[in-house]
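J.: model this:
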Amino acid sequence: MAIQFREATLAPLDQLTATAPDGALIAIIGEDGGGQRELLRLAAGLERPHSGEVLLPSSGRYLGPAEPLNLAPVPVLALDHTLATCDALVRARAALGLERLRRSGATVLFASHEPELIAALSDEVWWLHGGRLYARGDHREILPKYQHHIAARQRAWGESIPPGVFPALRRGDGRAEILALETFGQNGLPTIVLQSGEAAAIRVTVKFHAAVDQPVVGIMIRTRIGFEVYGTNTELERLSLGPVAAGETLRLTFRFPCLLCPQEYTLTAASHDPDGVWHDWLEDALAFSVADSRYTAGVANLRAQVSAERL
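T.: This next block holds a predicted model:
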């Protein structure tokens, strides 16, 4: 007998209508607080809905995040991020155990935030959003949509966070001072989260405390572990800034397509003479991240297109 949710409500889960068939491994995804835990507890028979109904074959087993992985035979197994704390060996054994349960006709529902785990185990994915069943289907269809949603949410969060400049090292002779270092998205708003592929910009604001004949202002992007990804400066870009008088402030904007893979990066900025004497150097001063709707390995997101032909 399948599990039938008929307009089942258990806040924040709201009027869920769906059927989980026998012999199925169903992944439950969504942001925390979207009703995943309530769905699992209803499926295991631990809770009754405030309204609507849930038809179960019999009482099931619910396992929380820190509970031992019990894969003994049971009609319904609900795993609430239980695999998240398991090591590789336990996960490998769990995959076999869950497959045996599925073949015996059991219904397994598991909540997870790990796309690779979901793709490896699930027959179907249910996406809960705001307590509602937002989408369901094959992981190859649902996961990219969900990851696109998360990337957009991450970007919106990045626009709400004021940029903080906290250099790992600051040095220079004081003839200039970097007042601000900011990253901007394609929409022109400051953000600490860029979308891979969008038109982005880095803005450096420099105030000069002394006259400088020919200042050079530059930037360097590094990965979180210090790998240099990209660097340039006004001299390399053939933009002359001098001479600059004491008291003047310059705002430099470096525009580029953000062809970076999703991960964390740091930004260094400096003002210096053409011979390299620093006025102000802010090492790894700003942390920002790049988000994307899908996984890409490495640092440079070359956005390759692939074709095939049979010979």
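
J.: okay, CA-based contacts and neighbour counts for the rest of this
T.: Noted.

J.: So this structure: which segments form each domain?
T.: 3-137, 169-291 (automatic domain parsing).

J.: Mean pLDDT added to those domains, as CSV?
T.: Formatted as CSV, the domains of the chain follow (pLDDT from 0 to 100):
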stretch, mean pLDDT
domain 3-137, 95
domain 169-291, 96
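
J.: Relative to residue 149, which of the ones you listed is closest?
T.: domain 3-137 (10.0 Å; CA to CA).

J.: Hmm, residue 209 and residue 250 touching each other?
T.: No - counting by CA atoms under 8 Å, residue 250 stays clear of residue 209, with 11.8 Å between them.

J.: circling back: how about CSV for the domains of the chain, with mean neighbour count and distance to residue 156 added?
T.: Shown next, in CSV, are the domains of the chain (neighbours: other CA atoms under 10 Å; distance: least, CA to CA, whole Å):
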stretch, mean neighbour count, distance to residue 156
domain 3-137, 19, 15
domain 169-291, 18, 8
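
J.: Arrange the ones you listed in a markdown table, one row each, with distance to residue 305 as further columns.
T.: Shown next, in a markdown table, are those (distance: least, CA to CA, whole Å):
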| stretch | distance to residue 305 |
| --- | --- |
| domain 3-137 | 23 |
| domain 169-291 | 14 |
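
J.: Quick check: which of the ones you listed is nearest to residue 155?
T.: domain 169-291 (5.3 Å).

J.: wait, which of the domains of the chain is closest to residue 311?
T.: That would be domain 3-137 among the domains of the chain, by CA to CA, at 31.3 Å.

J.: State the distance from the nearest residue to residue 44 once chain neighbours are set aside to residue 69.
T.: Among residues not flanking residue 44 along the chain, residue 60 sits closest, at 4.2 Å (CA to CA, 6 or more residues apart in numbering). Residue 60 is 14 Å from residue 69, where distance means CA to CA, to the nearest Å.

J.: How far does stretch 49-58 sit from its chain's centre?
T.: 34 Å (CA atoms, centre = their mean, to the nearest Å).
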